[in-house]
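1. Predicted model, plus sequence, below.
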Amino acid sequence: MLTKQESILEFDFSRQAVLPDRLTRKTHSPYLPAVEQILGIYRDQVGRTRRELHTLVQRTMQELEDCSSVRMSAFCKLLDDASEFDQDRSGAAATLRRRVFTLAAAYHPLVHAPDHLFASSEAEVKQKIADQLGRSWPDIEAELFADVIEFHRLKTPPDASIDAAALLSRYNVAQTQTALYSAVELTVLAGRDFKTILRYAKLARLMHTISRQGNGYTLRFNGPASIVRETRRYGVAMARFLPGLLAADDWRMRAIVIGPLRRRFALQLSSRDGLRSEVAPSDFDSELEETFHRRWLESDTGDWQIARESTVLHSGQNVFMPDFTFRHPDHGEMLLEIIGFWTPEYLREKAQRLAQFSDHGRILLAVAEHADEAIPDLGLPRAVYKTKLLPKAVMGLLAAAHEASPNPSQTENSNEPG
């Protein structure tokens, strides 16, 4: 993502709207060939430092009439993010610097042209140091500041699948993300892609409430006071969520953003606005859930079949979608909600939501040990785990639930299987 320094936002005080910078083929047609050129720079200049690459990009883009230095910096950041650079993770550069500077100190001060006052020639001293270290000076110089980000050398350029149009699209999405850095509230009206949108929201660790709205759903994302005071932190989570939202269909979004003079401005988008994002689909909200699902499939779990977020529960206009659904040909359906690492405020909201839905379906809880005390006794079977949730623990819950209710009815008709 871009930083605040690379953000270009227009705040319309009359409409109380925030308008992120956006480049279109129709209005900004000269950008397409220019972006093709800067992609070529990265692909043709493997081994160059980040600083050298940025200089070449800026020289190319300054030919565009309306390309500000901030836009140039934004494109450099996007190109860097799409590339891989060599980094000195071993501390070799710092060790080399100490060695070189220690050797050079004996000849201080160094001058380009020696005279009767200063006899140490920079070129001669560099050669002496190179001889002592058994390396050429260009080789030493290339490694001397390899731990400084500006001097990281390009190892792998952007993938060939990224063309000029794709990079322009990434720019537009990234600028829209920067508007969300100062967001305190975000509402999404979702249609047929509701489950996909919710999954990406969970991946971004957004606190949310869901309600039914006609044939669709309203998802509201807004943190409690303690989080809203840290607007930037929660706004970044909203920004991380945006690419997933843009990859879905049939939605409208409205965010409230804090702008100049602490005024509130609205950012409005929909799936019809032309912004798109390529996001790899993710079936799980966390590594813990993914590992549990894999272990379940590898274990002997009898005839219990597992499905990811396939059941939606309704209570009036409120909605709840547990993490897993278990189905058995004889014992019916059970639902599992996993409660892991979250803030105290989120855990309180989660407890309230579970209490509201405790009579719907047959819900089981898997609660992280550190969060166990925050979830009161709701009359729901629970397993407490430390770092890993094992199928054996959930099988114990399923067996206990079956013994308590040997002839369970199927989940209510108000539930919607996915």
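-> Arrived safely. Residues are numbered from 1 along each chain as shown.
2. Count the neighbours of Ile375 for me.
-> Other residues within reach of Ile375, judged by other Cβ atoms under 10 Å, total 21. In short, each C-beta sits where N, CA and C put it, glycine included.
3. confidence score at the closest residue to it other than its chain neighbours?
-> Computed as Cβ to Cβ, 6 or more residues apart in numbering, the closest residue to Ile375 that is not its neighbour in sequence is Ala351, at 5.2 Å. With respect to pLDDT, Ala351 has a value of 86.
4. Please apply the same query to Val57.
-> Note on Val57: pLDDT of 98.
5. One more: Leu53?
-> At Leu53 the predicted local distance difference test score is 98.
6. How far off centre is the host helix or strand of it?
-> Secondary-structure element containing Leu53, defined by DSSP states H and E: helix 50-61. Averaging C-alpha positions (Cα atoms, centre = their mean, to the nearest Å) puts helix 50-61 27 Å from its chain's average.
7. just for the stretch 101-250 of the chain, where's the confidence low?
-> Applying pLDDT under 70 to the stretch 101-250 of the chain picks out residues 223-232.
8. quick one: the strands in it?
-> Assigned by DSSP state E, counting those that start in this stretch, the strands in the stretch 101-250 of the chain fall at 110-111, 120-121, 153-156, 183-190, 209-213, 216-221.
9. can you put the ones you listed in CSV and add mean neighbour count and distance to Ser315?
-> Shown next, in CSV, are those (neighbours: other Cβ atoms under 10 Å; distance: least, Cβ to Cβ, whole Å):
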stretch, mean neighbour count, distance to Ser315
strand 110-111, 14, 77
strand 120-121, 16, 82
strand 153-156, 16, 51
strand 183-190, 21, 18
strand 209-213, 16, 10
strand 216-221, 20, 14
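10. right, and these - which one's nearest Leu297?
-> Go through these one by one with Cβ to Cβ and the one that ends up closest to Leu297 is strand 209-213, at 28.2 Å.
11. what does the closest one contact?
-> 189, 198, 217-220, 314, 317-321, 349, 353 (Cβ atoms under 8 Å, 6 or more residues apart in numbering).
12. Figure out how far that strand is from the centre of its chain.
-> Worked out by Cα atoms, centre = their mean, strand 209-213 lies 24 Å from the chain centre.
13. pull the CA atoms of it into PDB?
-> What follows is the C-alpha trace of strand 209-213 in PDB, where atoms were taken according to Å, rounded to 0.1, in the frame of the first residue of the first chain:
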ATOM      1  CA  THR A 209     -22.000  -6.100  12.700                       C
ATOM      2  CA  ILE A 210     -24.300  -7.600  10.100                       C
ATOM      3  CA  SER A 211     -28.000  -7.000   9.500                       C
ATOM      4  CA  ARG A 212     -30.400  -8.100   6.800                       C
ATOM      5  CA  GLN A 213     -31.500  -5.400   4.300                       C
END
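14. relative to strand 183-190, how tilted is it?
-> 40 degrees (axes from the mean of the first three to the mean of the last three Cα atoms, to 10 degrees).
15. who's in contact with Trp251?
-> 188-191, 193, 197, 245, 270-271.
16. do you know which of the strands of the stretch 101-250 of the chain lies nearest Leu390?
-> With distances scored as Cβ to Cβ, the stretch of the strands of the stretch 101-250 of the chain nearest to Leu390 is strand 209-213 (29.4 Å).
17. what about the residue with the largest distance to the centre of the chain, distance to Asp300?
-> Farthest-out residue of the chain from its mean C-alpha position, per Cα atoms, centre = their mean: His116, at 61.1 Å. Relative to Asp300, His116 is positioned 90 Å away (Cβ to Cβ, to the nearest Å).
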